[in-house]
Each structure stands twice: as structure tokens, then as C-alpha cells.
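S.K.: next one to model:
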Amino acid sequence: QLQLVESGGGSVQPGGSLRLSCTASGFTLDYHAIGWFRQAPGKHREGVSCIASGGESTNYADSVKGRFTISRDNARNTVYLHMNNLKPEDTAVYYCAATDLPQDMCIMNDYGMDYWGKGTAVTVSS
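M.R.: Presented below is the predicted three-dimensional model:
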């Protein structure tokens, strides 16, 4: 069964950090671009970041540039989202998703993704 599983969410105070993980089972992530998305209560899902299968091409939403970093460890079949200086507006359920693209491409459009995880919740509050 092809599956993505997110982990690492939790509750932190503003200014804190979290590292989210996205691990695949049933298939290898080596040839897939990965995107991280989030959905806050009452809002549409939005793209946060993505990383190409080659690992060198990345992209970030303006709201997280300079604070979030995406990386991948193909040996562990895992993609990470390192989140620093978290703000209350980062509160959301975070999802990872995978799609097959050329190794230098990634996308943050959710309609282009093939596989999805079930999400992990992040709450930023004092």
C-alpha cells in the first residue's frame, strides 16, 4: 500500500521550532517531488514548500521564506520541514504530498499531487 505519513507536529510558543517529517511506505521517494501544504481552520489549503527529487530545487511560500527549510534524506525515504521562528498564523494541519516530476522540478499546487498523507497538527500559541 502506497502511503505517506507525517509526524513531528505539536504545540509550541511563538518563536519556537518544530521539525516535521514525511515518510513514505510502499514506494520510494527518490523519484518524487514532495510538497508540504497546510490548512488552517476556516481557510483553504495552501502550499508551503516543495523540493524536487534531485534535492537541489526548492521553493517556499512568501509567508515562510527565511523561517522554514525543506530537505530530504532519500536513504531514510523521508522529507523534512524545519520550521523556525514560528508564528500564531502558522497554526494549521500540515500535509505532505508526492508527485512524479523531472528531478529539477517541484510544485506547490495541490491539484498536481498524486499521493497525500493524513496530516499532522501544528499549534503556535502563547
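S.K.: state the distance from the residue sitting nearest the centre point of the chain to residue 77.
M.R.: Centroid-nearest residue in the chain: residue 36, 2.5 Å away (criterion: Cα atoms, centre = their mean). Distance, residue 36 to residue 77, using Cβ to Cβ, to the nearest Å: 16 Å. To be clear about C-beta, it is placed using only N, CA and C from the backbone, and glycine gets the same treatment.
S.K.: that older thread, list the contacts for the residue nearest to the centre of the chain?
M.R.: 20, 22, 47-50, 70, 79, 81, 94-96 (Cβ atoms under 8 Å, 6 or more residues apart in numbering).
S.K.: let's go with 6 Å and repeat that
M.R.: 48-49, 81, 96 (Cβ atoms under 6 Å, 6 or more residues apart in numbering).
S.K.: of those residues, closest to residue 28?
M.R.: residue 96 (14.8 Å; Cβ to Cβ).
S.K.: got the contact list for the closest one?
M.R.: Taking Cβ under 6 Å, 6+ apart, one finds 4, 6, 22, 34, 36, 117 in contact with residue 96.
S.K.: so it sits in a helix?
M.R.: No - going by DSSP: H, G, I helix; E, B strand; the rest coil, the assignment for residue 96 is strand, not a helix.
S.K.: just list whatever residues bridge to it.
M.R.: residue 36 (DSSP bridges).
S.K.: inside helices: which ones of the contacts of residue 36?
M.R.: Judged by DSSP state H, helices contain none of the contacts of residue 36.
S.K.: distance to residue 110 and pLDDT for those - can I get that in a markdown table?
M.R.: Output for the contacts of residue 36, formatted as a markdown table (distance: Cβ to Cβ, whole Å; pLDDT from 0 to 100):
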| residue | distance to residue 110 | pLDDT |
| --- | --- | --- |
| 48 | 11 | 98 |
| 49 | 13 | 98 |
| 81 | 16 | 98 |
| 96 | 11 | 97 |
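S.K.: tell me the one of these nearest residue 58?
M.R.: Using Cβ to Cβ, the contacts of residue 36 come closest to residue 58 at residue 49, 6.8 Å.
S.K.: alright, I will stop here.
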